[in-house]
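Novice: Provide a 3D model corresponding to the input given below.
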Amino acid sequence: MNITEISSRDNALVKELRRLSRESGIYRKLGHVWLEGDHLCRAALTRGWQPKIAVFSKSFWPLAPTEWVQAASKVVVLDDALFADISGLESPARMGYVMPWSADVQVQAGMATVVLDRVQDAGNVGSILRSASAFGFKQIIAMKGTAALWSQKVLRAGMGAHFALHLVEGAEPAVLQQLQVPLLVTSSHRGDLIHESALPWPCAWAMGHEGQGVGEAVEALASQHVRIAQPGGEESLNVGAAAAICLHASAVSASG
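Specialist: A predicted model of the protein is given here:
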């Protein structure tokens with residue numbers, strides 16, 4: 001096993017890790033993503049992902065579990081100050097993985113899917129991925145204008161859901177025709193109430209921009225519109241909350 005100790009801020013790997021932790025879409029250029037913290041790393045390993053490099057802080061290195069160390073072919077040990085410097089967390093983690101990444105543009109037909117139409121808040125995107133994984137949706141299609149799926153903020157909000165999902169980024173509306181499942185769209189003023197609706201399975205749910213909702217091009221492909229009852233009188237729901245309600249309703253309908 002190749003073990004390297006690094007103490008210089010000018011080291012090429014350190015510079016790369018710093019960019020991966022701070023620039024939301026840089027993984028597309030560099031071809032790998034940075035997973036910081038034991039929770040994300042454990043989630044990746046559980047789903048069969050293999051890290052390219054395992055990175056440990058110097059103080060944690062003697063305590064690192066063997067399975068975390070042996071998962072990667074290369075191990076890097078960073079001075080604690082360096083690890084803190086590259087960290088995107090207020091309280092830096094003590095370990096992380098560099099994972100290989102490549103763009104996947106192939107939509108998988110017949111699969112329960114969530115379409116993200118220009119959802120821009122990273123927290124909302126991560127939350128939706130987490131709900132999708134919990135309720136049996138296996139594919140995410142992010143339209144152009146959606147927050148970078150593998151950015152650090154989305155990864156943290158997703159809590160490991162990424163590794164259970166087929167993720168497609170930068171899609172145009174035309175690719176949705178390849179899904180071959182009904183496309184459902186929520187609206188505050190159109191369609192039947194979700195709790196009174198017959199929901200198909202598998203299906204695809206489209207979740208739209210926080211302020212503008214689902215765009216015309218995506219909505220034009222919808223086979224069904226539904227509304228979420230809001231007896232409290234609010235005008236609309238946060239898109240992450242709306243997604244959780246819709247995906248859960250589909251999962252219950254499918255199991256029933």
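
Novice: Over to the residue lying closest to A72 once chain neighbours are set aside. Which of the three states is it?
Specialist: Distances taken as CB to CB, 6 or more residues apart in numbering place A54 nearest to A72, at 3.8 Å, with adjacent residues excluded. C-beta coordinates here come from the backbone N, C-alpha and C atoms, glycine included. Using DSSP: H, G, I helix; E, B strand; the rest coil, the three-state assignment for A54 comes out as strand.

Novice: so A54 makes contact with Y97?
Specialist: Yes: between A54 and Y97 there is a contact under CB atoms under 8 Å: 5.8 Å.

Novice: Identify the contacts common to these two.
Specialist: Common neighbours of A54 and Y97 (criterion: CB atoms under 8 Å, 6 or more residues apart in numbering): 71-72.

Novice: quick one, strands of the stretch 151-256 of the chain?
Specialist: 166-171, 183-186, 192-193, 204-208, 224-227 (DSSP state E, counting those that start in this stretch).

Novice: name the helices or strands packed onto the second one?
Specialist: Applying 3 or more CB pairs under 8 Å, 6 or more residues apart in numbering; DSSP states H and E, one finds that strand 183-186 makes contact with strand 204-208, helix 216-219, strand 224-227, helix 239-255.

Novice: can you check the first one too?
Specialist: With contacts defined as 3+ CB pairs under 8 Å, 6+ apart, strand 166-171 has these neighbours: strand 139-143.

Novice: Just give the strands next to the strand it packs on in its sheet, each with its orientation.
Specialist: Sheet pairing for strand 139-143, assigned by DSSP bridges, gives strand 113-117 (parallel), strand 166-171 (parallel).

Novice: Turn the ones you listed into TSV, columns for distance to F60 and mean neighbour count.
Specialist: Below are the strands paired with strand 139-143 laid out as TSV (distance: least, CB to CB, whole Å; neighbours: other CB atoms under 10 Å):
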stretch	distance to F60	mean neighbour count
strand 113-117	35	27
strand 166-171	30	18
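
Novice: Could you dump those into a markdown table and include distance to V226 and mean pLDDT?
Specialist: A markdown table is the format used below for those (distance: least, CB to CB, whole Å; pLDDT from 0 to 100):
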| stretch | distance to V226 | mean pLDDT |
| --- | --- | --- |
| strand 113-117 | 15 | 98 |
| strand 166-171 | 23 | 96 |
